[in-house]
Each structure stands twice: as structure tokens, then as C-alpha cells.
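Enquirer: my questions are about this predicted structure, shown below with the sequence.
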Amino acid sequence: MPVRSLPAVEASTASPSSSRRSDPPPESRESGPMTPATRRTHHAAPPREDVLAAAMATVAERGLDGLTMAGLGREVGMSSGHLLYYFRTKDELLLQTLEWSENRLGAERRALLAEPGTARERLDAYIDLYLPAGHRDPHWTLWLEVWGRSQNADDEARARQAAIEGAWHRDLVALLAEGVSRGSSGRWTPTGSRPGCGRCWTGSACM
């Protein structure tokens, strides 16, 4: 059963195949007349980005244990059944939330890599972007959870996670190669001056 797509924030960004649904969500199969009020409810699913942003906010506030389909549904005005219609499983919800978060980080990463300055300066900015903001950083919490779940995931889910990690890893390797070729980072050590730099390098080296 394919994963269905919530409405995109921009209509032009959704492909025809991703927005097509083979069957209606659970609520629309209920018996009884459809009043104007219920008709609005059935067609008022929030944009996908709103759902994923709410999921990330829940992880930040209450941790992964606090993220449930029922609780998220209350946050965005949908039933848990409606959410399951679009995401199928909590694993898929977590993976899509991570993909959304990584897309946002990717935009910031590309912007900082395009800025003028030495490779060393851009590498410092790169590391600052990816270091966790505290021990409960929601992005790192989510990434670690998805990574752990991926050990039992299907091939498609593992490929999607590999694509997430491959994007920032390629940029990091290119930045390091640039620094070495220009002689601007040859004496820079992974520990640097920031707490956590060693962990960042250890993680990238394992990829």
C-alpha cells in the first residue's frame, strides 16, 4: 500500500502521482449525510509541512515518547485514523519528518557554502549548523531514532535515509577537499575549539 500525500504548501510542488489517492480517508467512508460542516472537515486537511512541523515541535517539547498519532492529530485538527491514512505507520511519520527537517537544514547549508570566505571559515559555519543545540536537540533525537529503526526497515526506507545522509556528507567531503587543495585546512584538527566537534567528525567519518 503506497504512502499517500497530504496537500503540499505550494500546489505546484506536488506531482500528480503523489497527490492522487486510490481511496478516500477513513472519515469520508462513514455513513450518514454529509452536511456543509462535515464537507469542510473532510477537505480541510492541513498542508503536509504543518503536520511535519507539529511533529518536530512535539519531539522538541515532549521527546519521542510524547509523539503519538492521537496527540499529533489533536495538534493539527485531524483524527489519528486520518493521519494513518497518509503516513501508514509511525516509522513513516518519523522518516518524513526527518526528510522535511533535513531539507530545511540543506537550504541553510547550501547558503553558507556559497558565502565568500576561506574553506576553514565555511567549515566552522558548517559544523555550527549541524552540532546539536543541547542534549534534547529534536533534529538529532529524530535522526538517531530513525537511524535505529532503519536496521529493520525495508529497502526503500533505508535508501531514503541514505539519501539524507549522502547529501550533507558529499558537501562536507567537497569542502574538506577544497581546504586541503588550497592549504587552508591542513593543520586544522577535528577537536577544534567547540564542544562536540569531535562527535561531529566521528559521525561523518563513519558514513
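Expert: Arrived safely. Numbers count the residues shown, from 1 in each chain.
Enquirer: counting neighbours, what do you get for His135?
Expert: 7 (other Cβ atoms under 10 Å). (C-beta placed from N, C-alpha, C; glycine too.)
Enquirer: do me a favour and average the pLDDT over the helix or strand hosting Asp124.
Expert: Following DSSP states H and E, one finds Asp124 within helix 119-130. Rounded to a whole number, the mean pLDDT of helix 119-130 is 90.
Enquirer: list the buried ones in it?
Expert: Using 16 or more other Cβ atoms under 10 Å as the test for burial, helix 119-130 gives Ala119, Arg120, Arg122, Leu123, Asp124, Ala125, Tyr126, Ile127, Tyr130.
Enquirer: just checking, what packs against that helix?
Expert: Counting contacts by 3 or more Cβ pairs under 8 Å, 6 or more residues apart in numbering; DSSP states H and E, helix 119-130 packs against helix 90-113, helix 155-182, helix 197-205.
Enquirer: mind checking those for the one nearest to Arg62?
Expert: Arg62 lies closest to helix 90-113 among the helices and strands packed on helix 119-130, at 14.2 Å (Cβ to Cβ).
Enquirer: could you list the buried residues of that closest one?
Expert: If you call a residue buried by 16+ other Cβ under 10 Å, then helix 90-113 has these buried ones: 90-98, 100-102, 105, 109, 112-113.
Enquirer: what bits of this structure have low per-residue confidence?
Expert: Scanning the chain for pLDDT under 70 picks out 1-45, 184-207.
Enquirer: quick check: phi and psi on Leu67?
Expert: Main-chain dihedrals, Leu67, degrees, to the nearest 10: phi -90, psi 110.
Enquirer: give me the neighbour count for the residue nearest to it when sequence neighbours are not counted.
Expert: Closest residue to Leu67 apart from its sequence neighbours, by Cβ to Cβ, 6 or more residues apart in numbering: Thr58 at 4.8 Å. Here the number of neighbours of Thr58 (other Cβ under 10 Å) works out to 19.
Enquirer: just the CA trace of the strand or helix carrying Thr58, in PDB.
Expert: For Thr58, the host element (DSSP H and E) is helix 48-62. Taking C-alpha atoms only, helix 48-62 is exported to PDB below (Å, rounded to 0.1, in the frame of the first residue of the first chain):
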ATOM      1  CA  ARG A  48       1.900  18.400   4.900                       C
ATOM      2  CA  GLU A  49       4.500  20.900   6.100                       C
ATOM      3  CA  ASP A  50       2.200  21.900   9.000                       C
ATOM      4  CA  VAL A  51       1.900  18.300  10.100                       C
ATOM      5  CA  LEU A  52       5.600  17.700  10.000                       C
ATOM      6  CA  ALA A  53       6.400  20.900  11.800                       C
ATOM      7  CA  ALA A  54       4.000  20.000  14.500                       C
ATOM      8  CA  ALA A  55       5.600  16.600  14.800                       C
ATOM      9  CA  MET A  56       9.100  18.200  15.200                       C
ATOM     10  CA  ALA A  57       7.800  20.700  17.700                       C
ATOM     11  CA  THR A  58       6.300  17.800  19.800                       C
ATOM     12  CA  VAL A  59       9.600  16.000  19.700                       C
ATOM     13  CA  ALA A  60      11.300  19.200  20.900                       C
ATOM     14  CA  GLU A  61       8.800  19.700  23.700                       C
ATOM     15  CA  ARG A  62       8.000  16.200  24.900                       C
END
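Enquirer: lovely, talk soon.
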